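In: the amino acid sequence is not available; the structure is as follows:
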């Protein structure tokens, strides 16, 4: 996709006309240019840096991959870094600086103008997955006593450096008390006061709040930004919706991946070495649980030796249980992520899972039983698998429902390897109930 | 969560003071009130409707559940519906009207003031999962030749009814040519022209573009709204970021659910009947594939009868393959959803999957082989499972990689039941290679 742009860019790098080059750059979206940067060699990257003005360079660098950011910063002087950083918004700057070694970070902070190093070193102190780590300090906050004319004047002056313009944060005595919509400000009489157009019903978060909960609030209230306040209601920053979208994508990847034992850091572009390092440990845990299932079968080796048909039929019981369990598991994990379910409030839902297991088990069990009866000509074998199927789909529903909610209750990510736990439960129980029933009714089937 | 608010609301419904009631309502977020509405009886709902002014009612109804919307509309007169709808933005109105029976919809469109029924009946014609179905017609679009003073005047007049204020769409000859940031407009000289602050690099979509692709664009370019144009570049509407967040949540649920055969319409709150109707068909498909695996084992019944240990060990090979395959599958499905992978461009990644299968298979196979050797005292049994494990994890990687990409290639959702296909492949092949090798080396293990 970036192939053509890459070729054009490399061709343009040989130019001496800085101004023309920058005008050419501005024809493209900064993110598209940023993507191409990672394909450049160190030499080309330095050429690019020397041709590009600080303003363009800052915008492009903000959007580049972490690796490319660090690579470029390595290539240039500390003094140039400071100039580059002075063009960036504090939240992006903080993200980039977080990737640098501690010593370099400290030196840069010292060199930066005071008005920027303050917020950045504050932001660097928060967990990257918390409200504090996501927030930016570029917003407009004004006192509720100002007139609309004064407000408009302020917006004209400081609006250009802010990340969000459609919402003005309204303060009283240095505390966040409400928000004002720019639409209402523009439509209001110039002599009226900011408080006349203020909505005092403001949704805010605390700096240590988790990003997943924040994204739920933003989605629920259709916000374009959410303010972050401390316990005294003083405004510390705002989180903008573009960062929230990234959070939602990350959290969703995380749930889907963790469920099956894949690290959320993996992508199709991960190296072979990295993929092995991330997946092998989970496969070894899975191996341990597979031995549990194998051990269960081993308990009934004498029965299987007498009725070998059992060996062929037993994977059906285990497999169907695993599938039904993963279905319930997915619905519950998603429900937890969307804040729709909580074990303390919704434990009654367990009865629905029991009903689901009984009915789905009875229908699929009946089908299987009939087929096995015709296949082996033995009605008791059909009866055994019918009963085993009901039992195992019941366990599947219970495990798929209770395991993630229990993990959530004890403070562990409910998605974490839960598919492995659920299928272990259905494998072990499935083999046990099927072969156990066969042992009890051995006289009828051998 | 809504319990307290529900009690307060019901208590307030008995009041006769409409004005006070509406002032009380405005203390809360409309979405919170909307959530409580679904708990009201028909009688209470009508009481609520009669107390609430049209403006508040419109905002609350927009956010209520589909069921509650239809329930309320059933309770009130057609004429009142028209008044209520005149307060709503076109995209929300379109969504609500889409739920009504055709005849009622048509009658409403006829009754509505012409200036609104035009856009609404246009929007109703688009697929709800396309750009046309998501867009709203409340935006500001101005000619590039206007002066900043004229622009500011227009914004003050029409800004109050628009969904997005921070971006102004710039037209030339009725075509969308660029966007202007309100920050730049506010900071510009009043005598300069709109074209001086216009960014001519605009990302837009066509009305039939799919919502998933649109959400990728919005996430990539950090947009708060994306314009929808026809093939002549005429602006038809815009899609706002709050609707995009809903799309992202829906699409993510869809991928996670479809993979394991759960309908994207299911949630923890679905009724037992609905859950059965949605899940049972997938379980029956899974049953068919389980019989395939069972049939494979059946081919080797004579071998199992001679070495019963095989029956206990075979679930390990199949289970490990299923898990490794689902790991790869999750990474690939997510990669497709995020637009990071395409079979035509990235088929070389298959070599990584082959490497991953060989190495993970060798490590876990070696562990399993050693354990089985000590368990049964037969080195050949260990060797067989070592080889089978390598083979099955290889198949797991290939199936997990190729099945979703192939589904994507032929235009089917890559997530659709792909976990069932992948585990069928690993079950069938796992049993086949393990028992097949055992048959070949029967002399050494019996």
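Out: Received the coordinates, thanks. Bear in mind that the values here come from a model prediction, so they are computed numbers and not experimental data.
In: flag every residue of the stretch 1-150 of chain A that's near chain B.
Out: Residues of the stretch 1-150 of chain A found near chain B (CB under 8 Å from any CB of the partner chain) are A:26-29, A:31. For glycine as for every other residue, the C-beta is placed from the backbone atoms N, C-alpha and C.
In: what's the average pLDDT for whatever helix or strand residue A:357 lives in?
Out: Assigned by DSSP states H and E, residue A:357 belongs to helix A:349-376. If you average the pLDDT over helix A:349-376, you get 93.
In: what is that helix packed up against?
Out: Identification of packing neighbours for helix A:349-376 by 3 or more CB pairs under 8 Å, 6 or more residues apart in numbering or on different chains; DSSP states H and E yields helix A:309-337, helix A:379-409, helix B:272-298.
In: out of the residues of the stretch 1-150 of chain A next to chain B, which are inside helices?
Out: Mapping the residues of the stretch 1-150 of chain A next to chain B onto helices (DSSP state H) picks out residue A:31.
In: what's in contact with the helix or strand encompassing residue A:93?
Out: Per DSSP H and E, residue A:93 falls inside helix A:90-98. Helix A:90-98 is contacted by residues A:61-62, A:69, A:73, A:85, A:88, A:105, A:108-109, A:116, A:119-120, A:123-124, A:128, A:134-138, A:163, A:237, A:243 when judged by CB atoms under 8 Å, 6 or more residues apart in numbering or on different chains.
In: show me the contacts for the nearest residue to residue A:237 once chain neighbours are set aside.
Out: In this structure, residue A:237 finds its nearest non-sequential neighbour in residue A:135, 3.2 Å apart by CB to CB, 6 or more residues apart in numbering or on different chains. Counting by CB under 8 Å, 6+ apart, residue A:135 touches A:91, A:123, A:126, A:207, A:228, A:236-239.
In: okay, and which of those residues map to helices?
Out: Taking DSSP H as the definition of helices, the contacts of residue A:135 contribute A:91, A:123.
In: lowest pLDDT pick from the contacts of residue A:135?
Out: Among these, residue A:123 has the weakest pLDDT, 70.
In: can you tell me how far that one is from residue A:175?
Out: Applying CB to CB, to the nearest Å, the value for residue A:123 to residue A:175 is 21 Å.
In: same check on residue A:42?
Out: For residue A:42 relative to residue A:175 (CB to CB), the value is 50 Å.
In: if we can go back for a sec, so between residue A:123 and residue A:175, which is more surrounded?
Out: residue A:123 (25 against 13; other CB atoms under 10 Å in any protein chain shown).
In: burial of the residue nearest to that one when sequence neighbours are not counted, as a residue count?
Out: Sequence neighbours aside, residue A:94 is the residue nearest to residue A:123 in space, at 4.1 Å (criterion: CB to CB, 6+ apart). Applying other CB under 10 Å, we find 25 residues neighbouring residue A:94.
In: likewise for residue A:292?
Out: Neighbour tally, residue A:292, other CB under 10 Å: 13.
In: show me the contacts for residue A:401.
Out: A:328, A:332, A:349-350, A:353.
In: could you report the pLDDT at it?
Out: In this prediction residue A:401 is given a pLDDT of 93.
In: that one: what's its closest spatial neighbour, skipping adjacent residues?
Out: Going by CB to CB, 6+ apart, residue A:401 has residue A:353 as its nearest residue, at 4.5 Å.
In: isn't the one you found right up against residue A:393?
Out: No - using CB atoms under 8 Å, residue A:353 is not in contact with residue A:393, being 10.0 Å away.
In: of these two, which one has the most company?
Out: residue A:393 (31 against 25).
In: pretty sure the more buried one contacts residue A:323?
Out: No - the pair residue A:393 / residue A:323 is not scored as a contact, 9.4 Å apart, by CB under 8 Å.
In: quick one: closest of the helices and strands packed on helix A:349-376 to residue B:251.
Out: helix A:309-337 (12.4 Å; CB to CB).
In: right, and residue A:66 touches residue A:99 too?
Out: Yes - shown here, residue A:66 and residue A:99 form a contact pair, counting by CB under 8 Å, at 5.5 Å.
In: and stretch A:327-336, is it in reach of chain B?
Out: Yes - using CB under 8 Å from any CB, stretch A:327-336 reaches chain B at A:327, A:330-335.
In: nope, stretch A:177-193 is what I was after
Out: Yes - using CB under 8 Å from any CB, stretch A:177-193 reaches chain B at A:182-184, A:186-187.
In: end to end on that stretch, go ahead and measure it.
Out: 15 Å (CA to CA, to the nearest Å).
In: give the buried residues for that stretch.
Out: Applying a neighbour-count criterion of 16 or more other CB atoms under 10 Å in any protein chain shown, one finds A:177-188, A:193 buried in stretch A:177-193.
In: pick the one among those residues closest to residue A:446.
Out: residue A:179 (76.5 Å).
In: need the contact partners of the host helix or strand of the closest one.
Out: Following DSSP H and E, one finds residue A:179 within strand A:175-181. The contact list for strand A:175-181 (CB under 8 Å, 6+ apart) reads A:141, A:144, A:151, A:166-171, A:194, A:197-202, A:204, A:227, A:229, A:232-235.
In: ditto for stretch A:49-63
Out: For stretch A:49-63, the external contacting residues (CB under 8 Å, 6+ apart) are A:13, A:15, A:18, A:21-22, A:25-26, A:30-31, A:33-34, A:37, A:69, A:72, A:75-76, A:83-89, A:92, A:96.
In: what about it, distance to the chain center?
Out: Stretch A:49-63 has its C-alpha centroid displaced from the chain centroid by 29 Å (CA atoms, centre = their mean, to the nearest Å).
In: what do you get for stretch A:185-201?
Out: 38 Å.
In: again, but for stretch A:199-218
Out: On CA atoms, centre = their mean, the centre of stretch A:199-218 falls 17 Å from that of its chain.
In: where does pLDDT dip in the stretch 1-150 of chain A?
Out: A:1-2, A:102, A:106, A:109-118, A:120-121 (pLDDT under 70).
In: next one: residue A:153 from residue A:146, what distance?
Out: Taken as CB to CB, the span from residue A:153 to residue A:146 is 9 Å.
In: more neighbours, those two?
Out: Neighbours were tallied for residue A:153 and for residue A:146 using other CB under 10 Å; the higher tally belongs to residue A:146 (18 against 12).
In: ok, residue A:248 - contacts?
Out: By CB under 8 Å, 6+ apart, the neighbours of residue A:248 are A:215, A:219, B:245, B:248-249, B:252.
In: that one should be in a strand, yeah?
Out: No - if the criterion is DSSP: H, G, I helix; E, B strand; the rest coil, then residue A:248 is helix and not within a strand.
In: I'd like the distance between it and residue A:382.
Out: Here residue A:248 is placed at a distance of 48 Å from residue A:382 (CB to CB).
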